[in-house]
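Q: after the sequence you'll find the predicted model.
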Amino acid sequence: MRFIILLIFALLLTIALVIFPNIADQALRFEAFGWVFETRQGAFIAALLGILFVIWLIRALVAALFAGPGHLWRSLRMGSRRRREQNLREALAQWLDARGDMGAKTLKRSRGVLPDWTLAMLKMLMVPAKDQPEPTNEQDPLLTALSARIATGPTAHPKPDLATRKTHLKAWLNARPGAPLAMSRLADLAEEEEDWPKLVELLEGIWKKGHRSSHAVKPRLVQAYLAMANLEPESGMQYLRKAHRLMPDNREVLLAYGQGLIASGDTSAAIRLWQTHLESESDLPLARQLLIQLQGDPMRAYRKLEGKSDAEINETQRWLRAELAHGAKLDGLAFEQMQGLADSSTEKIIIAAAWQSLGNWYLENHEHGQAAKCYRHALETFSGESLKLDND
């Protein structure tokens, strides 16, 4: 830029001297330290510009010598820095548009604008996930991480096979130990392989180190705990307790934890667990499981709900109360309460369940016509959606 300004200045001076020749012919005299220097102004200005040009040329030659012959050859072969920047821009545009060779050839003509390792990363960005080369020990750690990130990306299509992705992730973690995204992607692979012990280990480490929020980790960790409870029955309750601590209001967790308590002989704890949940949440599938456990003494369980008005309990508890009344042979109360629930409920699943229960009771009394009507009402509640009838 300074050289261009100097050329413009020299051009303006030349024009001025041509337009005003008298200025160029005027004598110029310098006296200093006993020396006398006399010349004409035009010749002095030309000599001054020549000296400045020689200084610039010497500086350029010295810079070229220190940069090495490769820099000079690259400048001669590829053009100025601005031209190389334009080549880099064009290469990126071709990659973004997916045109031609994805900018590979054009990128080679832009060397010198960015460091060589940056150009290597740009070249790697242009390689699809399935074609990413296998990592090597001599490879730059940044290139290893970038290649693994591309190869294991969730949106990559088509994806490399499982073994290749695992190799990339292991190389990534070797090059960049503790990389949060690499650990997260490794957890994804463990879940894909259903390697539940590995998944639990990874998710617990990710959460403990604060790499991911609890909102993102908890659901996956709970599913891993439930899978581990089935995989290792001897340690099942330990995993179920962990899952319950993480998501105490999750239906799947409550059902699994309750069933675990029942299997370990603590049925009363399971009943209390489910009853406590039903007091705050209307949950019909869980109420069905609770009903099975209360069938041993339905009258006692019914008495706990009998004194409460419909406004004091939710609709699931009303359904449970009517079922307990039927189990206690209080058929009059049972039919009255269940019919009232079917007529007044605002939840489709509760209405269908109430009609289904009425149909089951009529069927027990061999009133097949009434049972059919109740079942039809249950099916019609969902306007054509299928409903699995529970005839237990």
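A: Thanks, I have it.

Q: can you list the weak-confidence ranges in the stretch 101-250 of the chain?
A: The stretch 101-250 of the chain contains residues with pLDDT under 70 at 102, 111-112.

Q: quick one: the helices in it?
A: 104-108, 116-125, 141-151, 162-175, 180-193, 196-208, 214-231, 236-246 (DSSP state H, counting those that start in this stretch).

Q: packing partners of the first one?
A: Under the contact definition 3 or more CB pairs under 8 Å, 6 or more residues apart in numbering; DSSP states H and E, helix 104-108 sits against helix 81-97, helix 116-125. (C-beta placed from N, C-alpha, C; glycine too.)

Q: same list (these) but as JSON lines, adding mean neighbour count and distance to Ala352.
A: Converted to JSON lines, these look like this (neighbours: other CB atoms under 10 Å; distance: least, CB to CB, whole Å):
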{"stretch": "helix 81-97", "mean neighbour count": "16", "distance to Ala352": "54"}
{"stretch": "helix 116-125", "mean neighbour count": "15", "distance to Ala352": "55"}
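
Q: nearest to Glu232, out of those?
A: Closest to Glu232 of the helices and strands packed on helix 104-108, according to CB to CB: helix 116-125, at 41.9 Å.

Q: who touches the closest one?
A: Residues outside helix 116-125 that contact it (CB atoms under 8 Å, 6 or more residues apart in numbering) are 91-92, 95, 104, 107, 110-111, 114, 132, 140, 142-143, 146-147, 150.

Q: let me see the mean pLDDT of the longest helix anywhere in the chain.
A: When the chain is scanned for its longest helix (criterion: DSSP state H), the result is helix 41-67. Mean per-residue pLDDT for helix 41-67: 75.

Q: can you give me the buried ones in that helix?
A: By 16 or more other CB atoms under 10 Å, the buried positions in helix 41-67 come out as 42, 45-46, 49.

Q: how about stretch 229-242?
A: Counting neighbours by 16+ other CB under 10 Å, the buried set in stretch 229-242 is 229, 236-237, 239-240, 242.

Q: need the residues that contact it.
A: 196-197, 225-226, 228, 243, 253, 256-257, 260-261, 264.

Q: next, the distance between the ends of it.
A: From its first residue to its last, stretch 229-242 covers 10 Å (CA to CA, to the nearest Å).

Q: can you pull the contacts of the residue nearest to Leu92 when sequence neighbours are not counted?
A: Spatial nearest neighbour of Leu92, excluding adjacent residues (CB to CB, 6 or more residues apart in numbering): Gly103 at 6.5 Å. Counting by CB under 8 Å, 6+ apart, Gly103 makes contact with 90-95, 126.

Q: quick revisit: which among the contacts of helix 116-125 count as buried?
A: The buried subset of the contacts of helix 116-125 - by 16+ other CB under 10 Å - is 91-92, 95, 107, 110-111, 114, 132, 143, 146-147, 150.

Q: I'd like to know which of the residues you listed is nearest to Gln317.
A: Ile150 (54.0 Å).

Q: distance of Cys374 relative to Met183?
A: 55 Å (CB to CB, to the nearest Å).

Q: before we move on, what about Pro219?
A: Taking CB to CB, one finds Pro219 at 17 Å from Met183.

Q: neighbour count: those two, which is higher?
A: Met183 (20 against 13; other CB atoms under 10 Å).
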